[in-house]
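Asker: Generate coordinates for the sequence data below:
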Amino acid sequence: MSNLDNDTLSALDAPEYAPAQFVRWFREVAPYVHRFRGKTFVIGFGGELINEGLLNTLIPDLSLLSALGIKLVLVHGSRPQVNEQLVLKGEQTMFGRSVSPTSPAALECAKEAAGEIRLDIEAAFSQGLPNTPMSNAQIRVISGNFVTARPVGVIDGVDYQHAGTVRKLDTDAMRKVLDQEAIVLLSPLGFSPTGDAFDLAMEDLALNAAVTLRAEKLIYLTPGHVATLSGETAVAGELARAEADRLLSSATLDEDSAVFIRCASLAVKRGIARAHIVPYPLDGSILLEIFTHDGVGTMVVEDTLDDLRAATLDDVAAILQLIEPLEADGTLVARGRSVVEREVERFTVLEHDSIIYGCVSISPYLSEGMVEMACLIVHPEWQGSGEGEILLRHAEARARAMGAKRLFVLTTRTSHWFMKRGFTQGGVSDLPKEKQALYNRSRNSLVFIKKL
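Answerer: Numbers count the residues shown, from 1 in each chain. Now for the predicted structure:
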């Protein structure tokens, strides 16, 4: 985030390279824009965000998502606002993360808080002043009785009164609203067929909305990163659901983190591909989470999204995009589409969130116990986190599985990278005889070999 902050400049202060930088950033988010257009995101945030005065910072970012064709369902909380009302009315009950009995007085406070917050959100989406991110925005926000609730009931002899849980959602009506390019707004209240109102947990309501709408993403905006009981950051980046469940079982997470990790894990278990926990104090955090490779929060998935897999013909275009800049500057020998298509089974690709950002190919010469590694490429914007080593280890493992004793590469510009990773320099005479016959002496590529 610090790099982005340093590079974000006003038009008056921008150096000469800023236009090119802007174009590069814009192009980098294009795959995400294409991928998410028409998809549904459910975004939940608590009343803490509103109390901290960050609503007017968040709304322009949500408006941008809507303008990019993403269908939004917003679920707001109201816990701190309700607690403030209870204090003013002299009530002793305070609401925390866990479900608590909701008295008639507390229910009235919940209604008042929900109504006020709903109006604040609608007002924020109605902004349109010139020279602001909301200029020319025409965002409609629709709320209503989309949620049918039932009472929690009596548990262990305790009557939870007006505390409720979600019974069902009117998904047909919500989809009609979303299809009209409007935003659905859900308050943490539900209604029973008898006309009674029930207080709901924002976290549970957002989870149910995402699952019933089959949303692409469930995103919780939270006061901070996922943290341990000691207050230290515990998780960042990507988290497989099984690992999330192990964290929950370890009982080392603080209360807030445990609630959000549990909901994220349940969402993934019930079919949501990705559930995100994103710290809202970070300016633009929701955009950074959605439109950058590494994000800024914690993403729970069924399996980790960085995925090595065998390439298919459908991947040829993406592989060529990685290869062509290096062919143009002479780092790689020109192959062309026909060669890549013919040899695609030799390639492995490194994929994240359906975007291919790395590749490697291997060619066996097993009669001499050797395998050639070529086209080890990681997109420049995603280098620096060990992806090259991942591809190298994968190539080594494949070579060993084939029974090879040595792995070799030909390179003109990356000799030091391979030397640091255990390769030693050889000569053309050390190559397999078939490869020696194909060696291009005009390129004068260096030969590096690693014993497996």
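Asker: could you list every residue that touches the nearest residue to residue 55 once chain neighbours are set aside?
Answerer: Nearest residue to residue 55, sequence neighbours excluded (CB to CB, 6 or more residues apart in numbering): residue 124, at 5.4 Å. Every C-beta, even on glycine, is put in place using the N, C-alpha and C of the backbone. Taking CB atoms under 8 Å, 6 or more residues apart in numbering, we find residue 124 in contact with 55, 56, 59.
Asker: Please state the mean pLDDT value computed over the helix or strand encompassing residue 371.
Answerer: Residue 371 is part of strand 370-378 when elements are defined by DSSP states H and E. The average pLDDT within strand 370-378 is 96.
Asker: Likewise for stretch 62-74?
Answerer: On average, stretch 62-74 scores 96.
Asker: before we move on, what about stretch 438-448?
Answerer: Stretch 438-448 carries an average pLDDT of 93.
Asker: Compute the first-to-last residue distance for it.
Answerer: Using CA to CA, to the nearest Å, one end of stretch 438-448 lies 16 Å from the other.
Asker: buried residues in that stretch?
Answerer: 445, 446, 447, 448 (16 or more other CB atoms under 10 Å).
Asker: count of residues packed around the nearest residue to the first one once chain neighbours are set aside?
Answerer: In space, residue 445 comes closest to residue 410 once its chain neighbours are excluded; the distance is 4.0 Å by CB to CB, 6+ apart. Other residues within reach of residue 410 by the criterion other CB atoms under 10 Å amount to 19.
Asker: Run through the neighbouring helices and strands of the host helix or strand of residue 410.
Answerer: Secondary structure assignment for residue 410, by DSSP H and E: strand 406-411. Strand 406-411 sits against strand 370-378, helix 387-401, strand 446-451, with contacts defined as 3 or more CB pairs under 8 Å, 6 or more residues apart in numbering; DSSP states H and E.
Asker: go with 6 Å
Answerer: strand 370-378, strand 446-451 (3 or more CB pairs under 6 Å, 6 or more residues apart in numbering; DSSP states H and E).
Asker: out of those strands, nearest to residue 129?
Answerer: Closest approach to residue 129 among the helices and strands packed on strand 406-411 (CB to CB): strand 370-378, 43.0 Å.
Asker: what angle sits between the closest one and strand 446-451?
Answerer: 110 degrees (axes from the mean of the first three to the mean of the last three CA atoms, to 10 degrees).
Asker: who touches strand 370-378?
Answerer: 322, 358-364, 387-388, 391, 395, 399, 404, 406-409, 432 (CB atoms under 6 Å, 6 or more residues apart in numbering).
Asker: quick revisit: how about the residue nearest to residue 445: which residues does it bridge to?
Answerer: With DSSP bridges as the criterion, residue 410 is bridged to residue 447.
Asker: Thought residue 443 was touching it, still the case?
Answerer: No. Between residue 410 and residue 443 there is no contact under CB atoms under 6 Å: 8.2 Å.
Asker: Can you list the buried residues in stretch 165-177?
Answerer: In terms of neighbour count (16+ other CB under 10 Å), stretch 165-177 has its buried residues at 165, 166, 167, 169, 174, 177.
Asker: what's the answer for stretch 44-64, then?
Answerer: In stretch 44-64, counting by 16+ other CB under 10 Å, buried: 44-50, 54-55, 57-64.
Asker: So which of the residues you listed sit within helices?
Answerer: 47-50, 55, 57-64 (DSSP state H).
Asker: from these, which is closest to residue 421?
Answerer: residue 61 (41.2 Å).
Asker: Please name the residues that touch that closest one.
Answerer: Counted by CB under 6 Å, 6+ apart, residue 61 has contacts 286, 287.
Asker: Quick check: it vs residue 40, distance?
Answerer: Relative to residue 40, residue 61 is positioned 17 Å away (CB to CB, to the nearest Å).
Asker: check contacts around residue 259.
Answerer: 97, 203.
Asker: State the next helix or strand along the chain beyond the helix or strand in which it is found.
Answerer: Residue 259 belongs to helix 255-269 when elements are defined using DSSP H and E. Downstream of helix 255-269, the first helix or strand assigned by DSSP H and E is strand 274-279.
Asker: name the helices or strands packed onto that following strand?
Answerer: When contacts are defined as 3+ CB pairs under 6 Å, 6+ apart, strand 274-279 sits against strand 217-222, helix 255-269, helix 285-291, strand 298-301.
Asker: CA atoms only for that strand, dumped as PDB, please.
Answerer: Provided in PDB are the C-alpha atoms of strand 274-279 (Å, rounded to 0.1, in the frame of the first residue of the first chain):
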ATOM      1  CA  ARG A 274     -14.100 -16.600  -2.300                       C
ATOM      2  CA  ALA A 275     -14.900 -14.900   1.000                       C
ATOM      3  CA  HIS A 276     -12.800 -11.800   2.000                       C
ATOM      4  CA  ILE A 277     -12.100 -10.100   5.300                       C
ATOM      5  CA  VAL A 278     -10.800  -6.600   4.400                       C
ATOM      6  CA  PRO A 279      -9.700  -3.900   6.900                       C
END
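Asker: Please renumber the chain so that the first residue is 25 from this point on.
Answerer: Renumbered: residue one is now 25, and that last one reads strand 298-303.
Asker: Quickly run through the sheet partners of it, with directions.
Answerer: Sheet partners by DSSP bridges: for strand 298-303, these are strand 241-246 (parallel), strand 322-325 (antiparallel).
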